[in-house]
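Undergrad: no FASTA, just this:
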């Protein structure tokens, strides 16, 4: 077992855990969480130190009744000092709503898998790029400072199409920026990525677009979400989407894990000395509250059960 | 988010997943699995491609009745071509039994935490080192080729003592080798490690003892086992302990995850192009069988539920 002659592993000093449980998580749970509980969740996440929260999605309420209160949640979230409030928008109409309510960031999803794009968005990836150009024009015309993030999904493969070529992912990422997106992110929508794939695709993406690659979005479908975050972190990626209690995920695999759990990711980063400004005991208390609201749903994560190590700085007894 | 100016991540071409479910897993489950089922498990693991299996432990049967058939299992496992059969031995008496039945490898645990060592083994770490010297003398006198591995546990912290200093871990590792151990391994017995700690301690250990550092043993108590394997793999570590269905673990945290699940680790490695010679569909079928035998016990792992990606080479439909 000859050790590689390699420099010591290096890690960023800080990273941001962006909460997407209220959107990616709740959209995959059929029950509708009352708006007041969502407000408490947003407030609790903010109080625990989270400063970026995706509060919902401007899709038609008949498609996702769980997220019908998104406008109300943006209005509430905007009252919390220092909080960057983001929403998902599926098209220009959603973007206009996001601009109207004053979101700080809108994430426009694009699926690099043509099959998934047609099935999920009823548009080809290039039609989504064209829509981003219209969104950019609307944003600029409105005078808003709202950022536009192109979220490139199924970037590591697709349950419908199978392989998704990295070259196509990179092409679409560049096309989104050319069309006027302020930044882009890469998502392993169906949990196909492994750390080597993450390292290789993120390396190429960073070489292509530099710091316009803003975020990694990993699902824990096959248990590799933390390892995948680690592989991206090591390349300097400093923002990750996560869902409290790991809710969310893949409708094609019932019971399968969802997004990387916020509390597990925040704990890993904090334990490693990568500052997130998140108070882990506060976050675990919030998880307990949300778990009560979602009683009966499949939740995920491991830290909540094992609790904090004795050696963790600031651990509660 | 400036990407670090770092060389591409590199990975070994091959790695070994050593099965310890029959020992570290079953010792933490109160039911006694019949010997015939254990034989089927060993045969199934071998048929799936595993070539290193820890089949049991030579501790007194009154302490661990679950492992009372260890001698019989060694005898059976020795009939399987190419299989390296290992056992855990807590002392010289256990080592003499291991030599008698013809094990290929004996793992002698040492706890770097003095508090844990006294509670668990009723010896100080240095008394364990002295016992290894006696074991080495017995091995040499017997003419056996059985390898002696010193397994340094609680290497990243301890539920009883809290912090365990890396310098003490390294001192004990060297002392084990000086006393006659052929090789050593590092274990995160209680699930306190994070990938940065793993990277730092394994780097130092590799600098100190080189390829005599034979194995990493990670528990998934806080969900980081795969990420921790990854951090060690990246330094060139090429052998990892794992338990099918992630059984095993920490008696102080009921329901908490155990060892890294064999199937999840083997899948991550294979997906990354790190060859393990393990047939993943065969291993998943074995997991299904073992899960039936262990019905009612808390099992772990994620791959079994999500199944293999469409893009996985050799995936079954």
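TA: Yes, it's here. Computed from a predicted model, the values in this text were never measured in an experiment.

Undergrad: where do the strands of the stretch 1-150 of chain A begin and end?
TA: With strands called from DSSP state E, counting those that start in this stretch, the stretch 1-150 of chain A shows them at A:16-19, A:52-57, A:84-88, A:105-111, A:147-153.

Undergrad: could I get the average pLDDT for the second one?
TA: Read it as strand A:52-57. Mean per-residue pLDDT for strand A:52-57: 98.

Undergrad: still on that earlier bit, so which of the strands of the stretch 1-150 of chain A gets nearest residue A:272?
TA: strand A:16-19 (12.9 Å; C-beta to C-beta). Where C-beta positions appear, they are placed from N, C-alpha and C, glycine not excepted.

Undergrad: quick one: that closest one to chain centroid distance?
TA: 7 Å (C-alpha atoms, centre = their mean, to the nearest Å).

Undergrad: and that strand, what other elements does it pack with?
TA: Under the contact criterion of 3 or more C-beta pairs under 8 Å, 6 or more residues apart in numbering or on different chains; DSSP states H and E, strand A:16-19 touches strand A:52-57, strand A:239-242, helix A:262-271.

Undergrad: make a markdown table out of those and add distance to residue A:39.
TA: Formatted as a markdown table, the helices and strands packed on strand A:16-19 follow (distance: least, C-beta to C-beta, whole Å):
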| stretch | distance to residue A:39 |
| --- | --- |
| strand A:52-57 | 9 |
| strand A:239-242 | 20 |
| helix A:262-271 | 18 |
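
Undergrad: for chain B, which of these is the nearest?
TA: Comparing the helices and strands packed on strand A:16-19 by their distance to chain B (C-beta to the nearest C-beta), the top pick is helix A:262-271, with 4.1 Å.

Undergrad: on contacts alone, who are the packing partners of the next helix or strand after that closest one?
TA: Using DSSP states H and E, the helix or strand that follows helix A:262-271 towards the C-terminus is helix A:280-293. Using 3+ C-beta pairs under 8 Å, 6+ apart, the elements in contact with helix A:280-293 are helix A:35-47, helix A:262-271, helix A:303-306.

Undergrad: does the last one come close to chain B?
TA: Think helix A:303-306. Yes. Legend: contact between helix A:303-306 and chain B by C-beta under 8 Å from any C-beta of the partner chain is shown at A:303, A:305, A:306.

Undergrad: which one of the helices and strands packed on helix A:280-293 lies nearest to residue B:168?
TA: Of the helices and strands packed on helix A:280-293, nearest to residue B:168 by C-beta to C-beta is helix A:262-271, at 20.1 Å.

Undergrad: centre of the chain to the closest one, how far?
TA: 15 Å.

Undergrad: buried residues in that helix, which are they?
TA: A:262, A:263, A:264, A:265, A:266, A:267, A:268, A:269, A:270, A:271 (16 or more other C-beta atoms under 10 Å in any protein chain shown).

Undergrad: what does stretch A:38-51 give?
TA: Buried residues in stretch A:38-51 (16+ other C-beta under 10 Å): A:38, A:39, A:40, A:41, A:42, A:43, A:44, A:45, A:46, A:48, A:50, A:51.

Undergrad: tell me if I'm right that the second one and residue A:79 touch.
TA: No. Proximity of residue A:39 to residue A:79 does not meet the contact threshold set by C-beta atoms under 8 Å, at 9.9 Å.

Undergrad: picking that back up, filter the buried residues of helix A:262-271 by proximity to chain B?
TA: Applying C-beta under 8 Å from any C-beta to the buried residues of helix A:262-271, those adjacent to chain B are A:264, A:267, A:268, A:271.

Undergrad: redo these as JSON lines? Include pLDDT and distance to residue B:131.
TA: Compiled in JSON lines, those are given as follows (pLDDT from 0 to 100; distance: C-beta to C-beta, whole Å):
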{"residue": "A:264", "pLDDT": "98", "distance to residue B:131": "38"}
{"residue": "A:267", "pLDDT": "98", "distance to residue B:131": "37"}
{"residue": "A:268", "pLDDT": "98", "distance to residue B:131": "36"}
{"residue": "A:271", "pLDDT": "97", "distance to residue B:131": "34"}
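
Undergrad: can you map out the helices along chain A?
TA: A:35-47, A:70-77, A:92-101, A:114-121, A:125-142, A:166-178, A:195-209, A:225-233, A:262-271, A:280-293, A:303-306 (DSSP state H).

Undergrad: most tightly packed of the ones you listed?
TA: A comparison of these by mean neighbour count, using mean count of other C-beta atoms under 10 Å in any protein chain shown, puts helix A:225-233 on top with a mean of 29.

Undergrad: touching, residue A:196 and residue B:11? I think so.
TA: Yes. With contacts counted by C-beta under 8 Å, residue A:196 reaches residue B:11, the gap being 6.2 Å.

Undergrad: shared neighbours of those two, which are they?
TA: B:272, B:273 (C-beta atoms under 8 Å, 6 or more residues apart in numbering or on different chains).

Undergrad: ok so, going back, out of the ones next to chain B among the buried residues of helix A:262-271, flag the one nearest to residue A:214.
TA: Relative to residue A:214, the closest of those is residue A:268; by C-beta to C-beta it sits at 20.2 Å.

Undergrad: residue A:275 against residue A:13, yeah?
TA: Yes. With contact defined as C-beta under 8 Å, residue A:275 counts as touching residue A:13 (6.3 Å).

Undergrad: the two - which one has more neighbours?
TA: residue A:275 (13 against 8; other C-beta atoms under 10 Å in any protein chain shown).

Undergrad: what would the residues of helix A:303-306 next to chain B look like in a markdown table with pLDDT?
TA: As requested, the residues of helix A:303-306 next to chain B are exported to a markdown table (pLDDT from 0 to 100):
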| residue | pLDDT |
| --- | --- |
| A:303 | 94 |
| A:305 | 91 |
| A:306 | 89 |
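
Undergrad: can you redo the strands of the stretch 1-150 of chain A as CSV with mean neighbour count?
TA: Compiled in CSV, the strands of the stretch 1-150 of chain A are given as follows (neighbours: other C-beta atoms under 10 Å in any protein chain shown):
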stretch, mean neighbour count
strand A:16-19, 24
strand A:52-57, 26
strand A:84-88, 25
strand A:105-111, 26
strand A:147-153, 24
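
Undergrad: columns distance to residue B:153 on top of those, output as TSV?
TA: Shown next, in TSV, are the strands of the stretch 1-150 of chain A (distance: least, C-beta to C-beta, whole Å):
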stretch	distance to residue B:153
strand A:16-19	31
strand A:52-57	39
strand A:84-88	44
strand A:105-111	45
strand A:147-153	42
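
Undergrad: among those, which is nearest residue A:160?
TA: strand A:105-111 (9.6 Å).

Undergrad: now the closest one: average pLDDT?
TA: 97.

Undergrad: paired strands for it, with orientation please.
TA: Strand A:105-111 pairs in its sheet with strand A:84-88 (parallel), strand A:147-153 (parallel), by DSSP bridges.

Undergrad: need the contact list for the nearest residue to residue A:213 once chain neighbours are set aside.
TA: Counting by C-beta to C-beta, 6 or more residues apart in numbering or on different chains, residue A:205 is the residue found nearest to residue A:213 once chain neighbours are left out, at 5.1 Å. Listed by C-beta under 8 Å, 6+ apart, the contact set of residue A:205 reads A:169, A:170, A:173, A:184, A:186, A:213.

Undergrad: closest to chain B out of those?
TA: Closest to chain B, out of all of these and judged by C-beta to the nearest C-beta, is residue A:213, at 7.2 Å.

Undergrad: which residues does that closest one bridge with?
TA: Applying DSSP bridges, one finds that residue A:213 bridges with residue A:184.

Undergrad: would you mind measuring from it to residue A:183?
TA: 7 Å (C-beta to C-beta, to the nearest Å).

Undergrad: more neighbours: which of these two?
TA: Each of residue A:213 and residue A:183 has its neighbours counted (other C-beta under 10 Å); residue A:213 has more, 26 against 21.

Undergrad: contacts only, for that one.
TA: So residue A:213 contacts A:173, A:183, A:184, A:185, A:186, A:202, A:205, A:206, A:237, B:1 (C-beta under 8 Å, 6+ apart).

Undergrad: so where is the stretch 101-250 of chain A shaky, pLDDT-wise?
TA: The stretch 101-250 of chain A contains residues with pLDDT under 70 at A:249-250.
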